[in-house]
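Q: next comes the sequence, and after it the predicted model I'd like to discuss.
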Amino acid sequence: MTKVRTRFAPSPTGYLHIGGARTALFSWLYARKMQGDFILRIEDTDRERSTQASVDAILEGMQWLGLDHDEGPFYQTQRFDRYKAVIQQLLDQGDAYYCYCSKERLETLRESQWAAKQKPRYDGLCHGRTDIPEGAEPVVRFRNQQEGTVIFDDRVRGTVIFNNSELDDLIIARSDGTPTYNLTVVVDDLDMEITHVIRGDDHINNTPRQINILRALGQKPPIYAHVPMILGDDGKRLSKRHGAVSVMQYRDEGYLPDAVLNYLVRLGWSYADQEVFSREQMQALFDLKDVNKAASTFNTEKLQWLNQHYIKEMPASTIAEHLQWQFNDQGIDTRQGPAVTDVIDALKERARTLKELAAAARYFYQDFDTYDEKAAKKQFKQGTAEVLAALHEGLGTVDHWDLEPIHAAIMQVCKALDLKLGKVGPPLRVAVTGTAMSPSLDVTLKLIGKQRTLERIEKAIDYIK
RNA sequence: GUCCCCAUCGUCUAGCGGUUAGGACAUUGCCCUUUCACGGCAGUAACCGGGGUUCGAGUCCCCGUGGGGACGCCA
């Protein structure tokens, strides 16, 4: 049995978006599961739109997600000689021909066909043409046979049949001599010995054309697997031109790559009732035959749930590495203050994203001059200053600044003032955090530290007066 | 318009001829609770429509409807 080889072949005309990432994930998973190779290929034959910045963005996205490739990245622009040779071969064989039709004529042709309620297609005017117009820069068209059918067994769609009569003679080389997609993809998948072509189902219509080119070259087609699209909230396909979000934007928003991967893998694929998959489990359990046929809609809320799951389950030290980006972004310096891992343990059950987590951690590292308006209004009233003063005194006597003594000191103040904890805790929380929500008080105070706690209580007393 | 593809709770999905149609997210209620969360328990919620096939259809077939895609000297 030959080794499985899959590939991801984006065109560098934008960042790596969430739909492309899912396609890449499926290709990568299948290769890993089958202990095959995963190849990265950059389809940059469109010189007009391809940019180095896009190549870099795609590479960065793949790396962030941890989708490592075994070969590549290969660039199609570096393989022009090879394509040229294949085009010449097709020309020599009579499977391709020069076409001198102007863009204007083609445009007119399409319009009239549309008006006649027909499928727009090239009419084959230049096939067999012997006169060569003066100064024309011809394109090369592949001669598609008109009889018979193309049948392929798609791993997710099942048997797919096309009538050759639906296909027209497609352009395989532009007038400047550069090759186009349907030619390069065939040549590359052949040369790179790709066994399984896993791609978005927007390519399903291209497949019979590619198979015909393959036949003309005397080669056998690879196995195809067309995975469904991901739709945006509006039900429209997610694409670069339509509302797709860069995977790097998910990092910026505070999502863990494992959460994004886990979310993505369950979009269009399932394994009974299981929702959470480690990378290893995905690789072991993924199978093309379990991929859905229907398009699915992206749902951020479920991603958030998974993200929090990973924030809670992963080691705090690992979270800390990813969190550093957010601290930098939010201008929080964590070099002074409690250990980041302790802060993570205290806050991880209250944050769905790392962005939220970093924001919630701010008061552990920075003093503040203002209080949350609603919280201050509700908790700072007449008499609160006295309560805080008592807390200041009580906490001031705590020598061993730890959970138990802190808790005992607070309870002692409650007892002395004959107040319930519900009257003492909330104002203390606002005083030391500036907000109405935080982890439990003993944990919060411990992490803030004795010195800072006492200072902030004093400050709050001044503020109330 | 032509061709192709698709169709189970709001969303992601399980189901592979006989199920009280299951799970997850979201949502609602209750419990836990010094706040916010977490957690626990319970609930609301779906087979697009119409014809067949069959003793029996969410499951198979056909038609309709709806949605998506392709129809480029883009990929």
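A: Perfect, I can see it now. Numbering: from 1, shown residues only, chains lettered A, B, ... in the order given.
Q: contacts and neighbour counts: CA atoms only from here.
A: Noted.
Q: was I right to think A:Thr341 contacts A:Ser317?
A: Yes. Applying Cα atoms under 8 Å as the test, A:Thr341 and A:Ser317 come out as touching, 5.9 Å apart.
Q: any low-confidence regions in the stretch 101-250 of chain A?
A: Applying pLDDT under 70 to the stretch 101-250 of chain A flags the ranges A:233-244.
Q: quick one: the helices in it?
A: A:103-115, A:181-191, A:207-216, A:247-252 (DSSP state H, counting those that start in this stretch).
Q: please apply the same query to the stretch 351-465 of chain A.
A: Under DSSP H, counting those that start in this stretch, the stretch 351-465 of chain A gives helices at A:354-360, A:362-365, A:373-379, A:384-396, A:403-417, A:421-433, A:441-448, A:450-464.
Q: which of those helices has the lowest mean pLDDT?
A: Lowest mean pLDDT within those: helix A:373-379, at a mean of 85.
Q: what packs against that helix?
A: helix A:421-433 (3 or more Cα pairs under 8 Å, 6 or more residues apart in numbering; DSSP states H and E).
Q: how about the helix it packs on: buried residues?
A: A:424-433 (16 or more other Cα atoms under 10 Å).
Q: same for that helix, what does it pack against?
A: helix A:373-379, helix A:384-396, helix A:403-417, helix A:441-448, helix A:450-464.
Q: who touches the last one?
A: Spelled out, that is helix A:450-464. A:380-381, A:384-385, A:388-389, A:392, A:395-396, A:401, A:428, A:431-432, A:445 (Cα atoms under 8 Å, 6 or more residues apart in numbering).
Q: check the offset of stretch A:284-295 from the chain's centre.
A: 18 Å (Cα atoms, centre = their mean, to the nearest Å).
Q: quick one: is it near RNA strand B?
A: Yes. Applying Cα under 7 Å from any atom of the strand, one finds stretch A:284-295 in contact with RNA strand B at A:290-295.
Q: of the residues you listed, closest to RNA strand B?
A: A:Ala294 (3.5 Å; Cα to the nearest atom of the strand).
Q: and the pLDDT for that closest one?
A: On the pLDDT scale, A:Ala294 gets 92.
Q: can you get me a residue count around A:Ala85?
A: Around A:Ala85 there are 11 other residues, counting by other Cα atoms under 10 Å.
Q: number of nearby residues for A:Asp56?
A: Neighbours around A:Asp56, by other Cα under 10 Å: 15.
Q: could you do A:His203 as well?
A: Neighbour tally, A:His203, other Cα under 10 Å: 11.
Q: could you check the distance from it over to RNA strand B?
A: 6 Å (Cα to the nearest atom of the strand, to the nearest Å).
Q: next one: A:Gly72
A: In terms of Cα to the nearest atom of the strand, A:Gly72 sits 15 Å off from RNA strand B.
Q: test my guess that that residue contacts A:Phe38.
A: No. At 9.0 Å, A:Gly72 and A:Phe38 do not qualify as touching, with contact defined as Cα under 8 Å.
Q: the two: which is more packed in?
A: A:Phe38 (25 against 12).
Q: surely the more buried one touches A:Arg7?
A: Yes. A:Phe38 lies in contact with A:Arg7 (Cα under 8 Å); the separation is 5.4 Å.
Q: need the phi and psi values for the one residue in the stretch 1-150 of chain A that gets nearest to RNA strand B.
A: Relative to RNA strand B, the nearest point of the stretch 1-150 of chain A is A:Lys117 (2.8 Å; Cα to the nearest atom of the strand). Main-chain dihedrals, A:Lys117, degrees, to the nearest 10: phi 60, psi 40.
Q: mind checking how far it is from A:Leu167?
A: Distance, A:Lys117 to A:Leu167, by Cα to Cα, to the nearest Å: 16 Å.
Q: again with A:Tyr463
A: 78 Å.
Q: who in the stretch 251-400 of chain A is up against RNA strand B?
A: So far as Cα under 7 Å from any atom of the strand goes, the stretch 251-400 of chain A lies against RNA strand B at A:266-275, A:290-299, A:301-303, A:305, A:349-351.
Q: how about the stretch 1-150 of chain A?
A: A:9-11, A:43-46, A:100-103, A:106, A:110, A:114, A:116-122, A:138-139.
Q: name the nearest residue to A:Val86, sequence neighbours excluded.
A: Once flanking residues are discounted, A:Val86 sits nearest to A:Val187: 7.9 Å by Cα to Cα, 6 or more residues apart in numbering.
Q: just checking, the one you found touches A:Tyr83?
A: Yes. If you go by Cα under 8 Å, A:Val187 and A:Tyr83 touch, sitting 7.1 Å apart.
Q: can you map out the strands along the stretch 51-200 of chain A?
A: Taking DSSP state E, counting those that start in this stretch as the test, the strands found in the stretch 51-200 of chain A are A:71-75, A:96-99, A:139-142, A:149-154, A:158-163, A:171-173, A:196-200.
Q: good, wrapping up.
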